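Asks: Quick one, structure for this:
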Amino acid sequence: MLETLVTVLLHLSACLAAPVPCEERAGRLEAEIQGLMEVINDQHRYIQGLHSSQAQHLEQIPNTHLGPDNLYRDCSEAFAGGNLASGLYVIRPHSSPTALSVYCDMDNGGGWTVFQRRKDGRESFDRAWVEYKQGFGDLYSPDGEFWLGNDPLHYLTSQGKYDMRIDMEDFEGNQRYAEYKNFKVDGEKDQYRLHLGEYNGNAGDALAEAHVAPSRGQRWTGPDSTSSGIKFSTHDQLNDTQGENSAPKCIRHSKSGWWFSKCDSGNLNGRYHTGPYQAMTDDGVVWYTWHGWSYSIKSVIMMLRAADLKQPLPDISLLPEQLAAGKTAGGATEPLYE
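Replies: Modelled structure (predicted):
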């Protein structure tokens with residue numbers, strides 16, 4: 001980044017010393033410098049905020065939850081181990097260099113690891129590549145908005161076969177969902193490429209281009225309409241740069257990071273609007289196959305679960321009313337909050 005900035009400054013100095021015809025070029029170079037400086041400042045602010053927030057949250061985590069004997073690989077293992085209460089847990093996926101704090105949703109069959117949540121727009125999703133890589137937002141409060149991180153998504157989905165579920169609600173209180181088999185996110189060297197299997201649900205399949213094999217009736221064309229999946233893009237790292245629906249064209253309305261399939265056909269990280277039709281363009285929280293491009297959805301939860309989830313055995317020492325209240329079996333790990 002610094003080498004690029006120095007090169008631009010040298011070109012600008014040479015151009016300013018030349019006659020008037022260089023003025024147009026100088027203007028473009030100045031704009032490029034401004035853009036680079038904004039990216040650097042965004043990254044510095046993110047790193048400083050990350051250090052501050054992590055230092056505060058580590059103090060709140062009991063040491064007993066950080067021992068190797070208490071760490072599950074994901075929320076599916078926590079659920080199978082008898083943890084029936086939704087809340088914050090500490091896990092460590094295979095190959096992950098560190099433990100992760102995650103929100104586990106034990107409803108809808110249980111065992112869901114939540115990796116994205118949006119409710120009221122308090123958290124901006126116009127973020128740089130490094131922020132989407134590490135994750136951002138507030139997953140420590142039950143109503144916080146956050147993105148868990150592309151690295152954690154890669155570690156989680158590399159452990160075996162996973163399903164993905166998306167729950168959505170519009171401003172009229174209507175709810176829809178989309179589920180996908182064989183959910184997988186590649187590593188950073190492959191631009192966190194998204195792969196999806198069979199679709200099921202009532203919201204429509206707005207990520208058809210990510211299917212491992214084309215679904216019947218889906219013939220959308222775009223930057224990655226083959227079985228290779230869809231690359232992740234942000235405003236400072238544009239992937240899939242060829243074609244009518246390339247990332248640079250798709251990301252023109254917002255700075256959100258997403259797997260841009262037919263532009264904003266399914267961009268759930270778009271800008272949050274406080275009403276359904278307040279967006280001037282298709283820059284909102286969009287799921288095209290449900291509400292089209294102009295409707296910005298009110299709330300979204302994205303989560304994943306192991307395909308071979310085992311249901312926990314009930315503890316026969318608990319009374320029926322205790323089981324109904326979601327009490328955990330003996331020896332199970334309680335969430336850090338519910």
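Asks: And the strands in the chain, which stretches?
Replies: Taking DSSP state E as the test, the strands found in the chain are 87-91, 100-105, 112-118, 136-137, 146-147, 162-169, 175-180, 184-185, 194-195, 199-201, 232-233, 258-259, 299-306.
Asks: Could you list the alpha-carbon positions for the first one in PDB?
Replies: Coordinates of the C-alpha atoms in strand 87-91 are reproduced here as PDB (Å, rounded to 0.1, in the frame of the first residue of the first chain):
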ATOM      1  CA  GLY A  87     -26.400 -17.700  23.700                       C
ATOM      2  CA  LEU A  88     -22.700 -16.900  23.500                       C
ATOM      3  CA  TYR A  89     -20.300 -19.900  23.600                       C
ATOM      4  CA  VAL A  90     -16.500 -20.200  23.100                       C
ATOM      5  CA  ILE A  91     -15.500 -22.700  20.400                       C
END
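Asks: hang on, the earlier thing: of the strands of the chain, give the one that comes closest to residue 283.
Replies: strand 258-259 (11.3 Å; C-beta to C-beta). Every C-beta, even on glycine, is put in place using the N, C-alpha and C of the backbone.
Asks: Serialize the strands of the chain to JSON lines and add fields for distance to residue 31, mean neighbour count and mean pLDDT.
Replies: Conversion of the strands of the chain to JSON lines gives the following (distance: least, C-beta to C-beta, whole Å; neighbours: other C-beta atoms under 10 Å; pLDDT from 0 to 100):
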{"stretch": "strand 87-91", "distance to residue 31": "43", "mean neighbour count": "21", "mean pLDDT": "95"}
{"stretch": "strand 100-105", "distance to residue 31": "39", "mean neighbour count": "23", "mean pLDDT": "95"}
{"stretch": "strand 112-118", "distance to residue 31": "32", "mean neighbour count": "24", "mean pLDDT": "98"}
{"stretch": "strand 136-137", "distance to residue 31": "27", "mean neighbour count": "22", "mean pLDDT": "96"}
{"stretch": "strand 146-147", "distance to residue 31": "29", "mean neighbour count": "23", "mean pLDDT": "98"}
{"stretch": "strand 162-169", "distance to residue 31": "38", "mean neighbour count": "22", "mean pLDDT": "98"}
{"stretch": "strand 175-180", "distance to residue 31": "40", "mean neighbour count": "18", "mean pLDDT": "98"}
{"stretch": "strand 184-185", "distance to residue 31": "34", "mean neighbour count": "24", "mean pLDDT": "98"}
{"stretch": "strand 194-195", "distance to residue 31": "32", "mean neighbour count": "22", "mean pLDDT": "96"}
{"stretch": "strand 199-201", "distance to residue 31": "42", "mean neighbour count": "16", "mean pLDDT": "96"}
{"stretch": "strand 232-233", "distance to residue 31": "21", "mean neighbour count": "26", "mean pLDDT": "94"}
{"stretch": "strand 258-259", "distance to residue 31": "25", "mean neighbour count": "25", "mean pLDDT": "93"}
{"stretch": "strand 299-306", "distance to residue 31": "34", "mean neighbour count": "22", "mean pLDDT": "98"}
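Asks: Take those strands and write them to a markdown table, including distance to residue 207.
Replies: Output for the strands of the chain, formatted as a markdown table (distance: least, C-beta to C-beta, whole Å):
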| stretch | distance to residue 207 |
| --- | --- |
| strand 87-91 | 26 |
| strand 100-105 | 20 |
| strand 112-118 | 14 |
| strand 136-137 | 22 |
| strand 146-147 | 17 |
| strand 162-169 | 9 |
| strand 175-180 | 7 |
| strand 184-185 | 13 |
| strand 194-195 | 7 |
| strand 199-201 | 8 |
| strand 232-233 | 12 |
| strand 258-259 | 7 |
| strand 299-306 | 11 |
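Asks: Select, out of those, the one closest to residue 293.
Replies: strand 258-259 (14.1 Å).
Asks: And the closest one, what does it pack against?
Replies: Where contact means 3 or more C-beta pairs under 8 Å, 6 or more residues apart in numbering; DSSP states H and E, strand 258-259 is packed against strand 232-233.
Asks: now for the strand it packs on, which elements pack on it?
Replies: Packed next to strand 232-233, using 3+ C-beta pairs under 8 Å, 6+ apart, are strand 258-259.
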